[in-house]
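Trainee: the amino acid sequence is not available; the structure is as follows:
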């Protein structure tokens, strides 16, 4: 038997989709108006090109494909019942005509408890709700309740079964990777929302979700640090074109379209063979001992920095100073 709140949640989802369609229509109208402009001063032409570029980028962000716009909800317990709040979690931030949020972007700080809350650490939640959807339709709901006995929402107490996760695992496979935004687990979310600085290495066996987590991290970083990253660019490097075709729809489904995908060969273009090696030389170069030889060769050619070196990096200047 479906959850008793399905109809109410369906109404909310319908409202969110209607607003998304309105947003798309508005941006498409702005794009059409910009394309319709003719002549004018150099400044007017430049401004038109900027409007066209921004409108095309916004339209790409609003195209989430066939994936569900809304996949969850969190109910936060306030100091008093009047201060309780509920937020619907989804792929894009959607507001109504009065700019009240209908859907909160999954990457926003307020959405973090949807992925991080546990029975021991509820992070202020009274309930976490998962949506089972087909297209734009809400098929069923699954609730996880965080609270004390006596809650009067009529659903029951404790944590429900992982039906949403099992449903996602049982979906038929296609030739393209799907996002996992609706089923991200706590440990995965800690990686996705990790700090920007430094190098983050994600290790694991085959099929453990390393690639999916890395792509969701890219989407999160673009949302959280959009200004520097969009200016510098984000590059995803894959081993071959087949792999890139497999993952190419994940980031657009998360509302991100400004990422370049490339293979290593694609970064440099085709490189022809310049010569051949004798079999013995090829074996020698592939021997693990060559690593030590190369390390000694590099160390032999290293020279200490003699003076301060300044390297431009975006709007910043990196300063390298000689060691004492």
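Mentor: Everything's here; your move. What you see is a predicted model; the values in this text were computed from it and never measured.
Trainee: contacts, neighbours, all on C-alpha from now
Mentor: Will do.
Trainee: tell me which helix or strand comes right after the helix or strand of the chain with the lowest mean pLDDT.
Mentor: Sorting the helices and strands of the chain by mean pLDDT, DSSP states H and E puts helix 163-170 at the bottom, at a mean of 56. Counting by DSSP states H and E, the next helix or strand C-terminal to helix 163-170 is helix 186-192.
Trainee: give me the residues contacting that next one.
Mentor: If you take CA atoms under 8 Å, 6 or more residues apart in numbering as the criterion, helix 186-192 is touched by 115-117, 213-214, 216-218, 220.
Trainee: do that again at 6 Å, thanks
Mentor: 115-116, 217 (CA atoms under 6 Å, 6 or more residues apart in numbering).
Trainee: where do the helices of the stretch 151-300 of the chain begin and end?
Mentor: 163-170, 186-192, 210-224, 226-232, 241-247, 250-253, 264-268, 279-285, 289-301 (DSSP state H, counting those that start in this stretch).
Trainee: pick the most buried one from those.
Mentor: With neighbours defined by mean count of other CA atoms under 10 Å, none of these is more surrounded on average than helix 250-253, at a mean of 22.
Trainee: show me where the stretch 1-150 of the chain has strands.
Mentor: For the stretch 1-150 of the chain, the strands defined by DSSP state E, counting those that start in this stretch occupy 70-76, 85-90, 94-95, 101-105, 125-134, 137-145.
Trainee: quick one, which of the helices of the stretch 151-300 of the chain is nearest to residue 84?
Mentor: Proximity to residue 84 (CA to CA) singles out helix 186-192 among the helices of the stretch 151-300 of the chain, at 24.0 Å.
Trainee: now the closest one: mean pLDDT?
Mentor: Per-residue pLDDT over helix 186-192 has a mean of 91.
Trainee: follow-up on the earlier one: what's the most buried one of the strands of the stretch 1-150 of the chain?
Mentor: Comparing these by mean count of other CA under 10 Å gives strand 70-76 as most buried, with a mean of 23.
Trainee: hmm, back to that, mind checking which of the helices of the stretch 151-300 of the chain is nearest residue 53?
Mentor: helix 226-232 (13.8 Å).
Trainee: ok so, going back, ok, which of the helices of the stretch 151-300 of the chain comes nearest residue 2?
Mentor: Closest among the helices of the stretch 151-300 of the chain, using CA to CA: helix 163-170, at 13.1 Å.
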